[in-house]
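A.B. asks: quick one, structure for this:
(one chain, ligands or ions: 1)
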Amino acid sequence: MVINNELCEKIYAGKRLTPMEALELFGWDLIDLGKAADFRMRLAHPENTVGFILDRIINFTNICRAGCAFCAFHARAGLIDPYELSFEEIEAKIAALMEAGGTQVMLQGGLHPDYGLKQYTQLLENVKARFPGIWLHSFSPAEVIHISEKEEMPVKGVIGALKNAGLDSMPGASDLLVDRIRNTVSPKKLTVSQWKEVMTALADQGLPSSATMTYGMGETIAEKIEHLVVVREVADRTGNIQAFIPWSFSPARTRLEHIVPATGVDYLKVVAISRIFLDNIRYIQAGWLTEGVRLAQIALSFGANDMGGVLTEELVVKATGVTTTSSRDEMIALVKNAGRAPVQRDSLYKIVHKY
Ligand code: SF4
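C.D. replies: You can find the predicted model right below:
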């Protein structure tokens, strides 16, 4: 497609794009788009660094009342037997993470019908009592709504209680923020407006967050942009979204197995357009867990500037058959080989070690 010079000038001048302009970018030649996104990334981050954090995801239960069609992890999907980790099992996993120099734990569960505020706050309190130095970047907006409905308690009350019990920040796991898609694939999870409500309450209580995007679930290109518009508006209003993490949906072993998986080109375009459109989010993460480390490495030339967590033990993506793993040394080599400077960071994106 012939590049619209006016749009090109706007991008290189660092200006904000309209949703229609972002839509046009999907038609651009991949390399032109990558160059523009890399320019925007360097405008915001002239330091050339790429961060990663040593963390561990602990999926403490797969019993879930939502039963989303895109999920192979929840117990009723039939692939993993129902389980609930005991605190001793969780403790052992965190002890192993600390031993390896890790700093952050992501506790994430299904929407267990019996877990209310008490189970969540006890878990936080137990972890903090045993490991006071660990950063708990945990749970999700869907879990907040689940607790809120179960306890008949306002969202801000739930978040306040979680914060008091030791929660430090929360991933803004957002799947695809398009009600048409959500009504089809995850009608029992949270709605777009509930997601916004949780994100606003997190900001009000000073708990940092992030946003994700799971695309490739049958949405149109315009609906991808619709998701980005919601994220940008919330980031404008709250100033509280630290990072954006796009993932492609892995259909294998899910009820959406008939969907053809998104390609590597789709992924690089989504990363690049996210970098250009989300001018109020500093970190665009390369999703190596779903895309593989090699494609994630290329994403570093398409606007991404963070590799996320590298000691991740994760079961939700793994349940779809994707088994990418990584280590600190591999991540350092990948980033250096991409011409960038690897740095270990903390949960607030401050550099703790340069390599
Ligand atoms: S994606 Fe989350 S909410 Fe949906 S079924 Fe899986 S575990 Fe439950």
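A.B. asks: and the helix or strand of the chain with the lowest mean pLDDT, is it in reach of the ligand?
C.D. replies: None of the helices or strands of the chain scores lower by mean pLDDT, DSSP states H and E than helix 288-291, at a mean of 89. No - judged by CB under 6 Å from any ligand atom, helix 288-291 and the ligand are separated, with a smallest distance of 13.8 Å. C-beta coordinates here come from the backbone N, C-alpha and C atoms, glycine included.
A.B. asks: could you look up the SS state of M213?
C.D. replies: Following DSSP: H, G, I helix; E, B strand; the rest coil, the label given to M213 is strand.
A.B. asks: and it, how many residues sit next to it?
C.D. replies: The tally of other residues near M213 (other CB atoms under 10 Å) stands at 22.
A.B. asks: pretty sure it sits against A243.
C.D. replies: No - the criterion here is CB atoms under 8 Å, and M213 misses it with A243 at 11.7 Å.
A.B. asks: the ligand versus K350, what's the distance?
C.D. replies: K350 sits 30 Å away from the ligand, going by CB to the nearest ligand atom, to the nearest Å.
A.B. asks: V158 too?
C.D. replies: Distance, V158 to the ligand, by CB to the nearest ligand atom: 16 Å.
A.B. asks: which SSE is that residue in?
C.D. replies: In the assignment (DSSP states H and E), V158 maps to helix 155-165.
A.B. asks: R40 too?
C.D. replies: helix 30-44.
A.B. asks: so R232 sits against N280, correct?
C.D. replies: Yes - R232 is within contact range of N280, at 6.3 Å (criterion: CB under 8 Å).
A.B. asks: of these two, who's got more company?
C.D. replies: The residue with more neighbours, out of R232 and N280, is R232; 23 against 17, by other CB under 10 Å.
A.B. asks: check contacts around the more buried one.
C.D. replies: 277-281 (CB atoms under 8 Å, 6 or more residues apart in numbering).
A.B. asks: and the strands in the chain?
C.D. replies: Along the chain, the segments classed as strands by DSSP state E run 49-53, 55-58, 104-107, 135-136, 209-215, 241-248, 283-284, 306-309, 341-345, 351-354.
A.B. asks: can I get those strands in a markdown table including mean pLDDT?
C.D. replies: Below are those laid out as a markdown table (pLDDT from 0 to 100):
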| stretch | mean pLDDT |
| --- | --- |
| strand 49-53 | 97 |
| strand 55-58 | 94 |
| strand 104-107 | 97 |
| strand 135-136 | 98 |
| strand 209-215 | 97 |
| strand 241-248 | 97 |
| strand 283-284 | 98 |
| strand 306-309 | 94 |
| strand 341-345 | 97 |
| strand 351-354 | 96 |
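A.B. asks: now these as a markdown table including distance to A319?
C.D. replies: Formatted as a markdown table, those follow (distance: least, CB to CB, whole Å):
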| stretch | distance to A319 |
| --- | --- |
| strand 49-53 | 23 |
| strand 55-58 | 13 |
| strand 104-107 | 16 |
| strand 135-136 | 23 |
| strand 209-215 | 14 |
| strand 241-248 | 14 |
| strand 283-284 | 26 |
| strand 306-309 | 18 |
| strand 341-345 | 28 |
| strand 351-354 | 32 |
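A.B. asks: close to the ligand: what parts of this protein are there?
C.D. replies: Residues of the chain lying near the ligand by CB under 6 Å from any ligand atom: 64, 66-68, 71, 73-74, 110-111, 142, 186, 189.
A.B. asks: let's see 8 Å
C.D. replies: 62, 64-68, 70-71, 73-74, 77, 109-111, 140, 142, 175, 186, 188-189, 316 (CB under 8 Å from any ligand atom).
A.B. asks: which residues touch C8?
C.D. replies: Per CB under 8 Å, 6+ apart, neighbours of C8: A36.
A.B. asks: return the distance of the nearest residue to V192 once chain neighbours are set aside relative to E223.
C.D. replies: Leaving aside its sequence neighbours, V192 sits nearest to L177 (CB to CB, 6 or more residues apart in numbering; 5.0 Å). Look at L177 and E223: by CB to CB, to the nearest Å, they are 9 Å apart.
A.B. asks: one more: L268?
C.D. replies: For L268, the distance to E223 - CB to CB - is 19 Å.
A.B. asks: which of these two has more neighbours?
C.D. replies: Using other CB under 10 Å as the criterion, L268 and E223 rank with L268 on top: 23 against 17.
A.B. asks: burial count for the nearest residue to that one once chain neighbours are set aside?
C.D. replies: Excluding its sequence neighbours, the residue lying closest to L268 (CB to CB, 6+ apart) is F302, at 4.8 Å. By the criterion of other CB under 10 Å, F302 has 27 neighbours.
A.B. asks: F302 against G34, yeah?
C.D. replies: Yes - with contact defined as CB under 8 Å, F302 and G34 form a contacting pair (4.5 Å).
A.B. asks: give me the common contacts of those two.
C.D. replies: In contact with both F302 and G34: 268, 272, using CB under 8 Å, 6+ apart.
A.B. asks: doesn't T254 make contact with C71?
C.D. replies: Yes - using CB under 8 Å, C71 makes contact with T254 at a distance of 6.5 Å.
A.B. asks: so what sits against both of those two?
C.D. replies: A77.
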